[in-house]
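[1] Could you work out the structure for the sequence below:
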Amino acid sequence: MPMNASTGGDPAIELVPTTVELADQIERFLEVIEENERFLVVSHTSPDGDAIGSTLSMGLLLEALGKEVVFYNRDAVPYNFGFLEGADAMVTEVPADADIDVTVVLDCAEPERIGEEFPEQGWGDTIVVVDHHKTWDAEFADIYVRDVGAAATGELVYRLVVAAGVKLDKPIAEALYCCVMTDTGSFRYSNTSRTTFRIAGELIDAGVEPWRMTSHIYESNPKERLELLALVLNTLEFSHCGRLAFLRIEDEMFESTGTGPELTDGFINYARSIRGVEVATQLREDDEDLWRVSFRSRGKVDVSELAAKFGGGGHHNAAGCRIEGTSDEIVEKLSQALVELLDE
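    Predicted coordinates for the structure are as follows:
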């Protein structure tokens with residue numbers, strides 16, 4: 001099985017090195033693909049760039065292999081990813097007669113993360129997880145293609161494209177570039193590796209235009225998003241030590257600006273960017289006395305461990321969970337837990 005990820009040049013040069021374990025996982029998944037016909041691809045709710053990009057690229061890969069594919073997410077494609085090919089095929093309801101053979105879950109490894117509403121007809125006889133998160137449910141899937149060292153799930157889908165021998169065309173390349181660009185903060189975060197840059201280079205060779213991607217994803221904001229951001233930044237508060245920053249997003253903010261949660265992506269990074277802040281926390285109202293909590297760390301604190309204590313998960317520097325209570329109660333509870341982690 002060809003695991004060298006070059007689209008040209010000297011085939012003896014392994015541009016994107018892999019491990020035996022990951023190669024075996026990929027080979028098992030490719031065997032499943034060969035043996036089945038009808039696939040559903042899905043990612044976590046409130047999808048980000050890696051979730052959308054990996055879902056689309058995986059689905060396009062399967063279609064290139066002659067398979068029938070249902071592209072699904074509980075939530076609609078965010079406005080800034082709608083330009084990607086396949087985005088218009090994404091559905092928020094699984095057809096009653098879907099008759100799925102294989103369900104491919106991307107960018108998460110726990111069934112609850114794709115939504116409690118996920119219908120029975122969406123599950124195939126085989127479940128495959130393709131993911132790079134640290135937290136996972138080892139009993140969930142039949143096959144796992146996992147690498148916690150990957151900067152994005154899109155890196156793993158890229159490996160699948162290469163291993164399957166499918167041409168890396170522009171639509172697939174753009175979806176994969178969306179994954180790696182967004183999950184590395186435009187190649188600024190500590191998860192950015194030499195492998196990430198090598199893959200990005202291969203995607204550019206396949207036709208990706210970096211400015212086109214940047215323009216669509218980061219510089220096509222509706223003015224309502226900036227109005228919402230202004231309200232959210234007004235909630236900024238700090239712990240007594242100054243190392244923790246908190247933002248709150250309440251339903252009334254959406255109502256007053258005519259917006260929704262899909263426009264809040266990246267708000268938390270404003271809090272983390274403040275000098276002296278080690279961990280930024282964002283609380284978003286999810287239901288009555290239920291808040292969706294996001295964490296971003298500068299590196300000293302493994303926020304995935306904190307999120308796991310509240311039933312969530314994620315990465316060392318980015319994680320999340322849902323917590324019941326008032327926002328004040330949650331801030332106090334998290335402040336105590338975060339200060340303990342900082343002082344370890």
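
[2] CA atoms for contacts and neighbours, from now on please.
    Noted.

[3] pLDDT at the residue nearest to residue 325 when sequence neighbours are not counted, what is it?
    Spatial nearest neighbour of residue 325, chain neighbours left out: residue 289 (4.9 Å); criterion: Cα to Cα, 6 or more residues apart in numbering. Per-residue pLDDT puts residue 289 at 85.

[4] List the residues that contact residue 289.
    By Cα atoms under 8 Å, 6 or more residues apart in numbering, the residues touching residue 289 are 324-327.

[5] ok, and the most crowded of those residues?
    Highest neighbour count within those, by other Cα atoms under 10 Å: residue 327, with 19 neighbours.

[6] Would you confirm that that one contacts residue 283?
    Yes - in this structure, residue 327 is within contact of residue 283 by Cα atoms under 8 Å, at 7.4 Å.

[7] quick one: common contacting residues for the two?
    Common neighbours of residue 327 and residue 283 (Cα under 8 Å, 6+ apart) are 248, 291.

[8] quick one, domains of the chain?
    Residue ranges for the domains of the chain, per automatic domain parsing: 20-218, 224-342.

[9] distance of residue 246 from residue 318?
    Taking Cα to Cα, to the nearest Å as the measure, residue 246 falls 15 Å from residue 318.

[10] before we move on, what about residue 244?
    Shown here: residue 244 relative to residue 318, a distance of 14 Å by Cα to Cα.

[11] Likewise for residue 342?
    Distance of residue 342 to residue 318, computed by Cα to Cα: 16 Å.

[12] Have a look at those two and say which one is more surrounded.
    residue 318 (21 against 14).

[13] phi, psi of residue 131?
    Phi and psi for residue 131, reported as degrees, to the nearest 10, are phi -160, psi 160.

[14] what does residue 88 give?
    According to degrees, to the nearest 10, residue 88 has phi -70, psi -10.

[15] swap in residue 336?
    Torsion angles, degrees, to the nearest 10, at residue 336: phi -60, psi -50.

[16] Ok, residue 192 next?
    Residue 192 adopts backbone torsions of phi -70, psi 120, taken as degrees, to the nearest 10.

[17] Give me the three-state assignment for the spatially closest residue to residue 98 that is not a sequence neighbour.
    Of all residues not flanking residue 98 in the chain, residue 121 sits nearest, at 6.5 Å (Cα to Cα, 6+ apart). Under DSSP: H, G, I helix; E, B strand; the rest coil, residue 121 falls in the helix class.

[18] so residue 121 touches residue 102, yeah?
    No - taking contacts as Cα under 8 Å, residue 121 lies outside contact range of residue 102: 11.1 Å.

[19] Neighbours of residue 188, how many?
    By other Cα under 10 Å, 11 other residues sit near residue 188.

[20] Can you say which helix or strand has it in it?
    Following DSSP states H and E, one finds residue 188 outside all helices and strands.

[21] just residue 253 next, same as before
    helix 251-257.

[22] contact partners of that helix?
    224, 227-228, 231-232, 260-261, 285.

[23] which among those residues end up buried?
    Buried residues within the contacts of helix 251-257, defined by neighbour count using 16 or more other Cα atoms under 10 Å: 224, 227-228, 231-232, 285.

[24] Just the ones of these in strands?
    The members of the buried ones among the contacts of helix 251-257 that map onto strands under DSSP state E are residue 285.

[25] Please flag which of the buried ones among the contacts of helix 251-257 sit within helices.
    Counting by DSSP state H, the part of the buried ones among the contacts of helix 251-257 found in helices is 224, 227-228, 231-232.
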